[in-house]
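**Q** Have a look at this prediction, sequence included:
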Amino acid sequence: MSGVIGLVRRILPLLGIVAVGILLSAIIFTTLRSLESKNAEASFNGVAQERLDDLETNLTLTLDNLVTVGALFDASHEVEREEFGRFTVSLLARNHAIQALEWIPRVPKRSRQKYEEEARHGGFRSFEFTERLSSVQMVRAGEREEYFPVFFVAPFQGNEKALGFDLASDPVRREALQSSADSGQMVATNRIKLVQETSDQYGFLVFRPVYRGGIEPPSTDGRREALTGFALAVFRVADIVEKAGAVPGSASGLNLAIFDRDAKPGERLLYPKGAHLDGVGDLPRNFRVTRTIVVAGRTWELAAYPLGHSFRPARWSSWAAFLIGLLLTCLLTAHLAGRKHAEEALQQSEERARLLFATIPHAALVFDIATLEYLE
C-alpha cells in the first residue's frame with residue numbers, strides 16, 4: 001500500500017505539469033486562432049468594401065447621365081431626334097453600364113396618329129405604338145386615353161424592339177411613371193424583363209420627369225398637369241456589376257449579390273439571376289459585408305461574401321504554437337521525471353550507506369586507521 005502511495009506522490013507533480021502545459025498550449029492556440037480569423041476577416045472586409053465602393057460609384061455616375069439627359073429637355077423647347085442621338089453618344093461611350101437612353105413623351109389619344117406619322121417620316125416606316133402580348137410577341141397598342149411610348153432611343157442598334165413600346169401598357173412601368181410624375185423625382189422600377197433583353201439577366205428602368213418650360217410645379221396637381229414626358233435610362237443589372245474595367249469575382253475572391261428590399265418576397269433578387277436567394281439572410285453564414293443604398297427611390301442592399309475557399313484563415317501559426325507547446329511540455333516532464341529518478345536513486349544510495357554504518361559501528365574506525373596507514 002505504501003508503495004502505491006509513493007508512486008502516486010511521484011506521479012502527481014508530473015501530471016500537474018502536463019496539465020498546466022496542455023492548458024497553456026490550448027490558451028495560446030485559441031488566442032492565435034482568434035487572431036487568424038480576425039486577420040482573414042480584416043483582409044476580406046478591405047477588399048469587399050472597395051468592391052462595394054466601386055459598385056456604388058458606378059451606380060451614381062450612371063444615374064448622373066440620366067440627370068444630364070433630363071436637363072437637355074428642360075433647357076430646350078423641342079429636341080429633335082438627331083439632336084438627341086448626337087447628345088447621348090458621348091454619354092453612352094463613357095458608361096457601358098447603360099443599355100439605353102430614351103425620350104418618353106406624354107401623348108394624348110388625339111395625338112397618337114401625329115406621333116406615329118412623324119416617326120415614319122423620320123425613317124422608321126413601320127413605327128407604331130406597341131404593347132407586349134407575351135414575352136416574345138409585340139402587337140399594336142390598344143386604345144387608351146394617353147400613351148407614354150419610347151419615341152427616341154439611343155443606341156438604336158440592340159434596342160429596336162423598344163422603339164414605340166408604350167410603357168403605360170405595363171403595370172410595373174406605369175406605377176413608376178405615376179410615382180415619378182407626382183413626386184418630381186427620379187424613380188426606378190423593380191426588376192423587369194426588358195423588351196430588348198437578349199441575355200439572361202434582370203433589368204430595371206429609371207424615370208426622370210420633364211415638365212413644361214423645364215420648371216417643376218410646387219404641387220402634385222400642378223406637376224401632373226405640366227408633365228410633358230420622361231427622360232429614361234435602361235439598365236441591365238449584370239452590366240452594372242460586371243462593367244468594363246471591374247475586377248472579376250474570380251480574381252477578387254468575392255461573390256456579389258444585390259437585393260431590392262422594396263420588392264415583394266420572392267422578387268427581391270437583382271443579381272445574380274438564377275441564384276436561390278431572396279435576401280441577405282440566405283447568404284452563406286461566414287464573412288459578409290452589406291451596404292444599404294437608395295437607387296432612385298428604391299432601397300437596395302449590396303452584399304459581398306467570399307468566393308469558394310477564398311479568405312479562409314491561415315491556421316498554421318495556431319497549430320504550430322500548440323504542437324510546440326505540447327513538445328515543450330513533454331520535454332520538461334521527461335526532464336523532471338529523469339531528475340526525480342536520479343534524486344530517488346541518490347537518496348536510496350545514501351540510505352543504504354547510513355544503514356551500513358549503523359549496523360557495523362566499527363567500520364568507520366577501521367576505515368580511518370587503514371587510510372592513515374596507507375598515507376604513512
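**A** Looks like it came in fine. These figures come from a predicted structure and were not determined experimentally. Numbers count the residues shown, from 1 in each chain.

**Q** ok, how many other residues are close to Gly338?
**A** 10 (other Cβ atoms under 10 Å). Every residue, glycine included, has its C-beta placed from N, CA and C.

**Q** what's the distance between whichever strand or helix holds it and the middle of its chain?
**A** Taking DSSP states H and E as the criterion, Gly338 maps to helix 316-359. Between the centre of helix 316-359 and the centre of its host chain there is 58 Å, according to Cα atoms, centre = their mean, to the nearest Å.

**Q** Over to stretch 111-119?
**A** With Cα atoms, centre = their mean, you get 47 Å for stretch 111-119.

**Q** which outside residues touch it?
**A** Contacts to stretch 111-119, defined as Cβ atoms under 8 Å, 6 or more residues apart in numbering, come from residues 105, 107, 127-129, 147, 149, 151, 163-164.

**Q** Highest neighbour count among those?
**A** Pro149 (29 neighbours).

**Q** I'd assumed Pro217 was in a helix, is it?
**A** No: in this structure, Pro217 is coil, not part of a helix, as judged by DSSP: H, G, I helix; E, B strand; the rest coil.

**Q** Now it: phi and psi?
**A** Main-chain torsions, Pro217, degrees, to the nearest 10: phi -60, psi 150.

**Q** wait, isn't Phe84 in contact with Phe152?
**A** Yes: under the criterion of Cβ atoms under 8 Å, Phe84 makes contact with Phe152 at 4.6 Å.

**Q** So which residues of the stretch 201-350 of the chain form strands?
**A** 203-211, 227-236, 254-260, 269-271, 289-295, 298-306 (DSSP state E, counting those that start in this stretch).

**Q** Which of those strands sits closest to Asn65?
**A** strand 227-236 (6.7 Å; Cβ to Cβ).

**Q** tell me the angle of that closest one relative to strand 203-211?
**A** 160 degrees (axes from the mean of the first three to the mean of the last three Cα atoms, to 10 degrees).

**Q** tell me the angle of strand 227-236 relative to strand 289-295?
**A** Orientation check (the same axes, to 10 degrees): strand 227-236 against strand 289-295 gives 160 degrees.

**Q** so what sits against both of Phe84 and Phe152?
**A** The contact lists of Phe84 and Phe152 share Trp103, where a contact means Cβ under 8 Å, 6+ apart.

**Q** Which one's more surrounded, those two?
**A** Phe152 (25 against 22).

**Q** Quick one: residues contacting the nearest residue to Asp239 once chain neighbours are set aside.
**A** The shortest distance from Asp239 to any non-neighbouring residue, by Cβ to Cβ, 6 or more residues apart in numbering, is to Ala97 (5.0 Å). Counting by Cβ under 8 Å, 6+ apart, Ala97 touches 58, 62, 235, 239-240, 243.

**Q** so how far does stretch 265-276 reach from one end to the other?
**A** Stretch 265-276 has an end-to-end distance of 12 Å (Cα to Cα, to the nearest Å).

**Q** What residues of it count as buried?
**A** 268-272 (16 or more other Cβ atoms under 10 Å).

**Q** Dump the residues you listed to TSV, plus distance to Pro284.
**A** Converted to TSV, the buried residues of stretch 265-276 look like this (distance: Cβ to Cβ, whole Å):
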residue	distance to Pro284
Arg268	17
Leu269	15
Leu270	19
Tyr271	16
Pro272	14
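
**Q** pLDDT check: weakest of the residues you listed?
**A** Lowest pLDDT within these is found at Pro272 (89).

**Q** what's the spacing between it and Phe204?
**A** Distance, Pro272 to Phe204, by Cβ to Cβ, to the nearest Å: 15 Å.

**Q** Please list the outside residues in contact with stretch 347-355.
**A** Outside stretch 347-355, no residue is within contact range by Cβ under 8 Å, 6+ apart.

**Q** quick one on the thing from earlier: could I get the contacts of Ala97 as JSON lines with distance to Gly122, neighbour count and pLDDT?
**A** Below are those laid out as JSON lines (distance: Cβ to Cβ, whole Å; neighbours: other Cβ atoms under 10 Å; pLDDT from 0 to 100):
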{"residue": "Asn58", "distance to Gly122": "33", "neighbour count": "18", "pLDDT": "84"}
{"residue": "Thr62", "distance to Gly122": "28", "neighbour count": "21", "pLDDT": "83"}
{"residue": "Phe235", "distance to Gly122": "26", "neighbour count": "23", "pLDDT": "88"}
{"residue": "Asp239", "distance to Gly122": "29", "neighbour count": "19", "pLDDT": "84"}
{"residue": "Ile240", "distance to Gly122": "31", "neighbour count": "22", "pLDDT": "86"}
{"residue": "Lys243", "distance to Gly122": "32", "neighbour count": "16", "pLDDT": "68"}
